[in-house]
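S.K.: missing the sequence, but the structure's below:
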């Protein structure tokens, strides 16, 4: 049973379809890269998977022990966060909020796990620092640590390297690969960076005028068959 | 020592003590949600709601006058029964429309707030009021706060104290949820937090705070009470908890100082408190600038 199945999805805003007939599935341990031009609906697809948008048609199913609210999410930076006075620790531990229900405070176990996640992301030394004073790469790690608090099963990353310098980009990619390979976390990543996608991903979903879904090798064959695009 | 003698003289009167208690409690509540309001770009909703509360006040006075034969004494505690639900409902409506892409949030807020202001003033000038009533005085004190809040009755003080206590308790219980929803609503929703519900809660708390602040600073100046302490604290501090605690302290301190000054110099309470808040903001901006080496 796949962890996530999208069946004949149609996505769009206010009655206008952007994509239709989208079907794909993600298995546990996959590293799926979603490619496509600006405006092709990548972020819309991601928000639909997360349950923030309703699909216009079709179904999204989860299986293999994955609940719909167990998908961690690394969003693109929003404007609120740019001047938000919050310490790294506060942000990371807030990843547990979804599990709290009506319980008002975080328990010891959650705080401990938050510490571990910060260690895993190499940001323990920044724990008391203010989020808005960190570099772009450090901020992404904070948000990644928060996403790890929310789930240990599947992460959705929306252009995780956007705006990072080459060194930070490299570090980010290897962190993500580590999570995928050594911690068994399924990765779904939106990316502009075809080269990196082909380097790390095991599956590719290309959306736009033509929809492609398949393994990395199939994608390479497909592209080469038509000549470099 | 002349100042202390004057203050000691005034504090013999229970009304002065009530005023101080209510002022401090209201200021404490108002500052709590300031950070969330500023960061969520909700400050305009606070402003809009305060105008709605003014309109509601007008409706309350009208009904008060209409039923005055039945009830000889209409105090403003009874007005609260009308003002509170109207403002809370408006808060919920504003939040709903804010999400609707077709009507821009700020336009709908402008519509509702200016509309409420106009209707409120219109109602207050209707014939149902006895001709002798001092309408412009009433309007002025509703907008800018009473000249002195020394007219508070023990009933109002209790009402204020209980409501403030509820607000503080609710805020503490939902503190982590409010943080989560303020920082990243999408993430919160995606990982199973009921963000819509907590937004609603925030809106309702704002409405309640605005209603209880009306006595103190008047409807036009409420936003200042909510926003200034939070902005001051944000200049200097770096974690959400520290900013929240600090803005509560600033707010309480400024309110107490403002009330004392207004007693000493017989200035209007509301604007004196806001003036002290502005002074605090300037001080904190300078401290923040010095700490950060003016680089931002």
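M.R.: Received the coordinates, thanks. On a predicted model such as this, the values are computed, not experimentally measured, just so you know.

S.K.: how about the residues of the stretch 101-250 of chain B that lie near chain A?
M.R.: Proximity of the stretch 101-250 of chain B to chain A (C-beta under 8 Å from any C-beta of the partner chain) is limited to residues B:101, B:172-177, B:179-180, B:182-184, B:186-193, B:233-234, B:237-243. Just so you know, the C-beta spots here come from the backbone N, C-alpha and C atoms, and that holds for glycine as well.

S.K.: List only buried entries from those.
M.R.: Among those, those classed as buried by neighbour count (16 or more other C-beta atoms under 10 Å in any protein chain shown) are B:174-177, B:179-180, B:182-184, B:186-193, B:233-234, B:237-240, B:242-243.

S.K.: from the residues of the stretch 101-250 of chain B next to chain A, which ones fall inside helices?
M.R.: B:172-173, B:175-177, B:179-180, B:182-183, B:186-190, B:233-234, B:240-243 (DSSP state H).

S.K.: May I ask which helix or strand encompasses residue 90?
M.R.: Because you didn't say which chain, this covers chain A. helix A:88-93 (DSSP states H and E).

S.K.: think we crossed wires, I meant chain B
M.R.: helix B:76-99.

S.K.: avg pLDDT for that helix?
M.R.: The average pLDDT for helix B:76-99 rounds to 73.

S.K.: after that helix, next one along is what?
M.R.: helix B:105-124.

S.K.: What is that following helix packed up against?
M.R.: helix B:43-66, helix B:76-99, helix B:135-144 (3 or more C-beta pairs under 8 Å, 6 or more residues apart in numbering or on different chains; DSSP states H and E).

S.K.: secondary structure class for residue A:9?
M.R.: strand (DSSP: H, G, I helix; E, B strand; the rest coil).

S.K.: in the lowest-mean-pLDDT helix or strand in chain A, what's buried?
M.R.: One helix or strand of chain A scores below all others by mean pLDDT, DSSP states H and E: helix A:79-82, with a mean of 72. If you call a residue buried by 16+ other C-beta under 10 Å, then helix A:79-82 has these buried ones: residue A:81.

S.K.: just checking, what packs against it?
M.R.: Partner elements for helix A:79-82 (3+ C-beta pairs under 8 Å, 6+ apart): helix B:175-183.

S.K.: and if we set it to 10 Å?
M.R.: If contacts are counted by 3 or more C-beta pairs under 10 Å, 6 or more residues apart in numbering or on different chains; DSSP states H and E, helix A:79-82 sits against helix A:136-150, helix B:34-39, helix B:175-183.

S.K.: Setting aside sequence neighbours, what's the nearest residue to residue A:83?
M.R.: Spatially, and ignoring its direct neighbours in sequence, residue A:83 is nearest to residue A:132 (5.8 Å; C-beta to C-beta, 6 or more residues apart in numbering or on different chains).

S.K.: list the contacts for the residue of the stretch 1-150 of chain B found nearest chain A?
M.R.: Going by C-beta to the nearest C-beta, chain A is nearest to residue B:39 of the stretch 1-150 of chain B, at 5.5 Å. Listed by C-beta atoms under 10 Å, 6 or more residues apart in numbering or on different chains, the contact partners of residue B:39 are A:79, A:80, A:81, A:83, A:84, A:85, A:86, B:182, B:183, B:230, B:234, B:240.

S.K.: Pick out whichever of these sits closest to residue B:201.
M.R.: Proximity of the contacts of residue B:39 to residue B:201 (C-beta to C-beta) peaks at residue B:182, which lies at 12.0 Å.

S.K.: quick one on the thing from earlier: burial check on the residue nearest to residue A:83, number of neighbours?
M.R.: As a burial measure, residue A:132 scores 13 neighbours (other C-beta atoms under 10 Å in any protein chain shown).

S.K.: Kindly confirm my reading that it forms part of a helix.
M.R.: Yes: residue state for residue A:132 (three-state DSSP) corresponds to a helix.

S.K.: can I assume it is in contact with residue B:183?
M.R.: No: look at residue A:132 against residue B:183 with C-beta atoms under 10 Å: they stay out of range, at 11.4 Å.

S.K.: can you list residues touching both of these two?
M.R.: A:81, A:84, A:86.

S.K.: in chain A, which spans are helices?
M.R.: Under DSSP H, chain A gives helices at A:42-50, A:79-82, A:88-93, A:97-100, A:108-120, A:136-150, A:166-182, A:194-200, A:216-225.

S.K.: show me what contacts residue 9?
M.R.: Here I'm looking at chain A. A:19-24, A:41, A:45, A:48-49, A:55-60.

S.K.: The chain in question should be chain B.
M.R.: B:16, B:263.

S.K.: now it: how far from residue B:2?
M.R.: 11 Å (C-beta to C-beta, to the nearest Å).

S.K.: low pLDDT regions in chain B?
M.R.: Applying pLDDT under 70 to chain B flags residues B:1, B:41-44, B:64-79, B:96-106, B:127-142, B:144-152, B:215, B:293-296.

S.K.: Spatially nearest residue to residue A:45 (excluding sequence neighbours)?
M.R.: Nearest non-adjacent residue to residue A:45, counting by C-beta to C-beta, 6+ apart: residue A:11, 6.0 Å away.

S.K.: my guess is that neighbour meets residue A:36, correct?
M.R.: No: assessed by C-beta under 10 Å, residue A:11 is found out of contact with residue A:36, at 11.9 Å.

S.K.: so what sits against both of those two?
M.R.: A:19, A:45, A:207.

S.K.: Isn't the last one up against residue A:11?
M.R.: Right, residue A:207. Yes: in terms of C-beta under 10 Å, residue A:207 counts as a neighbour of residue A:11; the distance is 9.3 Å.

S.K.: For those two, list the residues in contact with both.
M.R.: A:18, A:19, A:22, A:41, A:44, A:45.
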